[in-house]
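Visitor: Model the structure of this input:
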Amino acid sequence: MTIKTKTFSLFDFCKKRADRLEVYGNESLDEEGNIIPFIDQAAYVTHYLQLKRSGVTVPYADRAEGLLNLWYGFIEGNQQEVKDNEGIASEPLTARQQYLFADLYEAPFQAPANPEFTFIDLFAGIGGFRMAFQNLGGMCMFSSEWDEQARRTYYANYGDIPFGDITKEETKRNIPKGFDILCAGFPCQAFSLAGRRLGFEETRGTLFFDVAEILRRYQPKAFFLENVKGLAIHDKGKTLRTILNTLDEVGYTVPDPQIVNAMYFGVPQHRERIYIVGFRKDLGIGKEEFSYPEQHEVTRKWIDVREEQPVPAKYYLSTTYVQTLVNHKARHAAKGNGFGYEIIADDGIANAIVVGGMGRERNLVIDKRQTDLTPTTNIKGTVNTDGIRKMTPREWARLQGYPDTFKIVVADASAYKQFGNSVAVPAIQATAERLLNVLKVHKEL
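Guide: Residues are numbered from 1 along each chain as shown. Modelled structure (predicted):
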């Protein structure tokens with residue numbers, strides 16, 4: 001069989017057909033005999049191809065190779081199971097992968113050719129942790145994210161489709177052994193504190209338990225966790241104490257967590273998050289050896305990340321919407337509350353961007369550069385002439401420290417959600433550099 005010169009876009013294929021596609025064979029079935037969804041098959045294959053270039057041994061190599069053969073046969077018009085003796089498996093792997101995955105190797109943020117360390121990216125979102133650690137010379141060996149739209153954005157930028165639900169044992173088993181650092185911006189769920197130990201067993205039923213279980217099982221040299229600021233005081237501090245006791249129980253020394261504000265790291269956004277880092281106890285690293293980066297200088301303003309060109313009229317608020325926001329704020333002001341919309345001055349700092357309408361309404365701006373205010377969407381009233389608009393997804397990307405080469409491949413609604421859920425890359429990177437320096441001092445990297 002001769003490999004054809006045409007190429008195949010996995011991203012486009014997933015976007016258009018993944019919801020109704022089945023490619024089946026022995027390698028595409030899970031342990032219960034169900035067909036693995038196509039996007040999950042893609043996680044096996046894309047991770048395998050990326051890691052194979054670096055010589056990493058993965059526990060799912062046979063499945064990934066089998067899926068490569070099945071996919072090639074499917075795309076060539078054979079939707080049945082493809083056997084080795086039909087000629088496909090004999091083709092060089094490099095030829096098949098270049099044919100099938102041109103966009104994988106065109107992803108703008110590829111792993112370094114000679115990585116200095118390795119890490120995994122849990123609850124990955126759109127890869128804020130990955131961006132930061134790759135910038136520092138690391139290679140991601142595994143990523144996991146359940147949201148399908150975020151997985152598409154992740155693939156378009158890094159060339160990996162993350163594995164799915166990390167709470168599943170089958171997903172955990174796909175993590176390659178021997179990685180150096182675990183990264184996770186884990187969601188904070190309610191913790192059951194009925195017991196007295198406030199340790200590992202008390203976290204069952206929460207997503208943090210899955211992080212702790214992976215630390216216990218794989219014992220990386222260090223970890224870096226991120227969560228909302230409120231975790232520090234949730235349930236009068238009991239939740240955080242449970243987390244810290246659990247981390248101690250699974251074998252880690254944990255310096256005191258710290259609230260870190262992204263606005264001190266080159267992005268004009270007042271975004272406070274709690275950071276928790278830890279080092280495996282047998283490395284002999286004391287708590288006092290690690291310190292979080294200093295937070296004392298704001299260097300950028302909103303105007304520094306504003307779109308260079310006038311933005312489309314669809315980002316400008318209608319007169320009806322503006323009046324609704326004005327009335328809403330007035331009602332709360334009359335009750336002595338400070339709720340409501342906010343307009344960010346050109347020389348100001350944005351409020352934290354978050355998922356939901358208030359994430360945008362608390363970050364409105366005045367921009368009078370657009371002269372064509374003809375509505376392009378269905379709105380009530382007319383477009384306001386005062387220049388009041390919401391920020392664009394690209395502006396939100398910049399507020400989180402993503403470079404303009406980062407691809408936004410989803411609709412605006414999904415993009416706002418993805419950037420609102422993301423970590424602030426520069427703040428993560430500054431802290432990660434401190435973590436790596438400690439490991440280097442101890443000759444662990």
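
Visitor: pLDDT on stretch 273-290, on average?
Guide: Taken as a whole, stretch 273-290 has a mean pLDDT of 97.

Visitor: Would you work out how far apart the start and end of that stretch are?
Guide: For stretch 273-290, the separation between the terminal residues is 18 Å (CA to CA, to the nearest Å).

Visitor: And the contacts of it?
Guide: Stretch 273-290 is contacted by residues 219-229, 231-232, 240, 243-244, 247, 251-260, 262, 292, 423-424, 427, 431, 434-435, 438-439, 441-442, 444 when judged by CB atoms under 8 Å, 6 or more residues apart in numbering. (Each C-beta comes from the backbone N, C-alpha and C, glycine too.)

Visitor: So which of those sit within helices?
Guide: Members of the contacts of stretch 273-290 lying in helices (criterion: DSSP state H): 240, 243, 244, 247, 427, 431, 434, 435, 438, 439, 441.

Visitor: Look up the pLDDT of the fifth one for me, please.
Guide: Among the per-residue scores, residue 427 holds a pLDDT of 98.

Visitor: Please tell me how far residue 305 sits from residue 375.
Guide: Distance of residue 305 to residue 375, given as CB to CB, to the nearest Å: 26 Å.

Visitor: Those two - which one has more neighbours?
Guide: residue 305 (20 against 13; other CB atoms under 10 Å).

Visitor: Just list the residues touching the closest residue in space to the more buried one that isn't next to it in sequence, thanks.
Guide: Leaving aside its sequence neighbours, residue 305 sits nearest to residue 398 (CB to CB, 6 or more residues apart in numbering; 3.8 Å). By CB under 8 Å, 6+ apart, the residues touching residue 398 are 267, 305, 404.

Visitor: same question, residue 377
Guide: Here residue 377 is in contact with residue 314 (CB under 8 Å, 6+ apart).

Visitor: helix, strand or coil for it?
Guide: Under DSSP: H, G, I helix; E, B strand; the rest coil, residue 377 falls in the coil class.

Visitor: Now do the phi/psi pair for it.
Guide: phi -130, psi 170 (degrees, to the nearest 10).

Visitor: could you check the distance from it over to residue 370?
Guide: 15 Å.

Visitor: same thing with residue 163?
Guide: 42 Å.

Visitor: Among those two, which residue is more densely surrounded?
Guide: Each of residue 163 and residue 370 has its neighbours counted (other CB under 10 Å); residue 163 has more, 27 against 16.

Visitor: quick one on the thing from earlier: which is the succeeding secondary structure element to the one helix or strand the residue nearest to residue 305 maps to?
Guide: According to DSSP states H and E, residue 398 maps onto helix 393-399. Proceeding N to C from helix 393-399, the next assigned helix or strand is helix 412-421, under DSSP H and E.

Visitor: quick one: contacts of that following helix?
Guide: Under CB under 8 Å, 6+ apart, the answer for helix 412-421 is 125-126, 149-150, 153, 353-356, 359-360, 393, 396-397, 399-400, 402, 408, 410.

Visitor: Counting neighbours, show which residues of that helix come out buried.
Guide: 414, 415, 416, 417, 418, 419, 420, 421 (16 or more other CB atoms under 10 Å).

Visitor: Which element, helix or strand, includes the residue nearest the centre of the chain?
Guide: Nearest to the geometric centre of the chain sits residue 125, at 2.5 Å (CA atoms, centre = their mean). Using DSSP H and E, residue 125 maps to neither a helix nor a strand.

Visitor: Ok, residue 69 next?
Guide: helix 61-75.

Visitor: in that helix, what's buried?
Guide: 63-75.

Visitor: can you give me the strands for the stretch 201-350 of the chain?
Guide: With DSSP state E, counting those that start in this stretch as the criterion, the stretch 201-350 of the chain has strands at 222-228, 252-253, 258-261, 269-270, 272-280, 343-344, 350-351.

Visitor: Quick one: these as CSV, columns for distance to residue 388 and mean neighbour count too.
Guide: Shown next, in CSV, are the strands of the stretch 201-350 of the chain (distance: least, CB to CB, whole Å; neighbours: other CB atoms under 10 Å):
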stretch, distance to residue 388, mean neighbour count
strand 222-228, 29, 23
strand 252-253, 48, 22
strand 258-261, 27, 17
strand 269-270, 20, 20
strand 272-280, 27, 22
strand 343-344, 7, 18
strand 350-351, 15, 21
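
Visitor: Residue 131: which of those strands is closest?
Guide: strand 222-228 (13.3 Å; CB to CB).

Visitor: How about residues contacting the closest one?
Guide: Residues from elsewhere that reach strand 222-228, judged by CB under 8 Å, 6+ apart: 129, 180-186, 188, 211, 215, 247, 252, 273-280, 423, 428, 431-432, 435, 439.

Visitor: Can you give the domain ranges for the protein?
Guide: The record's domain parsing of the chain by automatic domain parsing lists 1-106, 109-298+423-445, 308-391.

Visitor: Out of those domains, which is the most enclosed?
Guide: Most buried of those by mean neighbour count (mean count of other CB atoms under 10 Å) is domain 109-298+423-445; its value is a mean of 19.

Visitor: List the contacts of the residue nearest to the centre of the chain.
Guide: Going by CB under 8 Å, 6+ apart, the list of residues near residue 125 reads 145, 147, 150, 154, 185, 418, 421, 422, 423.

Visitor: and these, which two are the farthest apart?
Guide: Most distant of the contacts of residue 125, by CB to CB, are 147 and 423, 15.1 Å apart.

Visitor: re earlier: Serialize the strands of the stretch 201-350 of the chain to JSON lines and add fields for distance to residue 103.
Guide: Putting the strands of the stretch 201-350 of the chain into JSON lines (distance: least, CB to CB, whole Å) gives the following:
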{"stretch": "strand 222-228", "distance to residue 103": "29"}
{"stretch": "strand 252-253", "distance to residue 103": "38"}
{"stretch": "strand 258-261", "distance to residue 103": "34"}
{"stretch": "strand 269-270", "distance to residue 103": "31"}
{"stretch": "strand 272-280", "distance to residue 103": "32"}
{"stretch": "strand 343-344", "distance to residue 103": "36"}
{"stretch": "strand 350-351", "distance to residue 103": "32"}
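
Visitor: that older thread, got TSV for the contacts of residue 125, with pLDDT and distance to residue 30 too?
Guide: Below are these laid out as TSV (pLDDT from 0 to 100; distance: CB to CB, whole Å):
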residue	pLDDT	distance to residue 30
145	97	19
147	93	20
150	95	22
154	96	22
185	93	27
418	96	28
421	94	28
422	97	30
423	97	31
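
Visitor: Closest to residue 327 out of these?
Guide: Distances from residue 327 to these, taken as CB to CB, are shortest for residue 421 (29.6 Å).

Visitor: All set now, cheers.
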